[in-house]
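Peer 1: the following comprises the amino acid sequence and a computationally predicted model.
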Amino acid sequence: MANLKILVADDEDSVRYSLKRLLKKWGYEIYEAQDGQEVINMILPSEPVQLMEKKIHVNFIILDLKMPGIDGFEVLEKISNTFIERKPYIIVLSGIEDKDSIVKALELGADDYMTKPFEIHELKARLKAAERHHALEIKDSFILMLSKMTEFKSFETGKHIERVQKFAVLLAKEYFHLIGKEPDISFLYELHHAAPLHDIGKLLIPEQILSKPGPLSANEFEIMKMHTVYGARMLSEISEETMSFEYFKTIHEVVLHHHERWDGKGYPEGLKEEQIPLSARIVSLCDTYDAITSKRVYKDAQSHEFAVNEILAGKGTQFDPEIVEAFENIQHLFKQLREKFTD
């Protein structure tokens, strides 16, 4: 993963030196500026033609307010008025402690405010919070973009994506209830974001295979199966460039493993039973239910009752037995959702 980049802007050499040593130790790539004009020269476009390109892309700025010439307030204002895309996360680090200045800095676009002298553990904690904000911002934009791309490219509709998402969260809640545990809110959150992206790898499958109005040949099916690998590879490459892999872990699990089977006869890795991540086991059943009850170019839609029987028949072979039990408990809710969110 590429190191996150921080611009340290302070007119005191000793402060910049101390921050640089700490931040390098914590794994960041550091840039320095001694005054506000230098910040502007480094990261803001100076010509109209440059509006789509920043001179240096930094993820975070640690900004002093009292600097010679252009001060930190003006820097904040210029950044807020100039950036046409995601701006850096800005932590003001200043000796100014009065409430009016703090409020002014935040209103002008600062994301956080610390006073000098600072505590090392506090700065580290605030930077970790900034990293989470940065990661979630990118992740949410990425999820929305890929969901829409999948919807437009695939023969499956946007309603399919939405239904699988709702089915998955519903089924996960019932699964936790079945095994006697409180729902894991963080897991439900990740699953909610992962489920719509289960088939993103189909973006790289030829259109003639996706929309073929009949059974696939053996060779075509092998190509189709690669959508799990392609999707996971896309996620890995993007996560390596933008943030630690942990932020895409559940999405990666769902994308790669939602065609695995409980008996080990699925793909792409032939995982079995609890080797298959829980998120993928849940999405697998939900995707199957919706595929059975939906019309496709190669088949007609089947009834809810038919889908339920098919899933029950796959208990312990295709599907996790406990997840099938959870599904059986709430299958009437699947039917209601299916009828509400029609194609």
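Peer 2: The structure has been received and is ready for your questions. The structure presented is a predicted model; accordingly, all values stated were derived computationally and were not measured.
Peer 1: CA atoms for contacts and neighbours, from now on please.
Peer 2: OK.
Peer 1: and stretch 328-342, average pLDDT?
Peer 2: Over the span of stretch 328-342, the pLDDT mean works out to 93.
Peer 1: buried ones in that stretch?
Peer 2: Judged by neighbour count using 16 or more other CA atoms under 10 Å, the buried positions of stretch 328-342 are E328, Q331, F334, K335, R338.
Peer 1: adding secondary structure and distance to S14, write these out as CSV.
Peer 2: Rendered in CSV, the data for the buried residues of stretch 328-342 read as follows (DSSP: H, G, I helix; E, B strand; the rest coil; distance: CA to CA, whole Å):
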residue, secondary structure, distance to S14
E328, helix, 66
Q331, helix, 65
F334, helix, 63
K335, helix, 66
R338, helix, 63
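Peer 1: can you name the two of these that are farthest apart?
Peer 2: Using CA to CA, the pair of the buried residues of stretch 328-342 lying farthest apart is E328 and R338, separated by 15.3 Å.
Peer 1: can you put the buried residues of stretch 328-342 in a markdown table and add distance to P196?
Peer 2: Formatted as a markdown table, those follow (distance: CA to CA, whole Å):
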| residue | distance to P196 |
| --- | --- |
| E328 | 23 |
| Q331 | 20 |
| F334 | 16 |
| K335 | 19 |
| R338 | 16 |
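Peer 1: thought L204 was touching T228?
Peer 2: No - checked against CA atoms under 8 Å, the pair L204 and T228 is beyond contact range at 10.3 Å.
Peer 1: beyond the helix-or-strand element of the chain with minimal mean pLDDT, next helix or strand please.
Peer 2: Counting by mean pLDDT, DSSP states H and E, the weakest-scoring helix or strand in the chain turns out to be helix 120-153, with a mean of 76. Later in the chain than helix 120-153, the nearest helix or strand by DSSP states H and E is helix 158-178.
Peer 1: got the CA coordinates for the helix or strand just after that next one in CSV?
Peer 2: Next along the chain after helix 158-178, taking DSSP H and E as the criterion, comes helix 185-194. The C-alpha coordinates for helix 185-194 follow below in CSV (Å, rounded to 0.1, in the frame of the first residue of the first chain):
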residue,chain,number,x,y,z
ILE,A,185,-23.5,-4.1,14.0
SER,A,186,-20.1,-3.7,12.3
PHE,A,187,-20.6,-6.9,10.4
LEU,A,188,-24.1,-5.8,9.2
TYR,A,189,-22.7,-2.5,8.1
GLU,A,190,-19.9,-4.2,6.1
LEU,A,191,-22.4,-6.7,4.6
HIS,A,192,-24.8,-3.9,3.6
HIS,A,193,-22.0,-2.3,1.6
ALA,A,194,-20.6,-5.6,0.2
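Peer 1: next one: helix 185-194 to chain centre, how far?
Peer 2: Averaging C-alpha coordinates over helix 185-194 and over its chain gives two centres that are 10 Å apart (CA atoms, centre = their mean, to the nearest Å).
Peer 1: quick one, phi psi at the closest residue to P213 other than its chain neighbours?
Peer 2: Nearest residue to P213, sequence neighbours excluded (CA to CA, 6 or more residues apart in numbering): Y298, at 4.3 Å. Geometry field for Y298 lists phi and psi as phi -110, psi 0, criterion degrees, to the nearest 10.
Peer 1: wait, Y298 touches G214, no?
Peer 2: Yes - between Y298 and G214 there is a contact under CA under 8 Å: 4.7 Å.
Peer 1: that'll do, ta.
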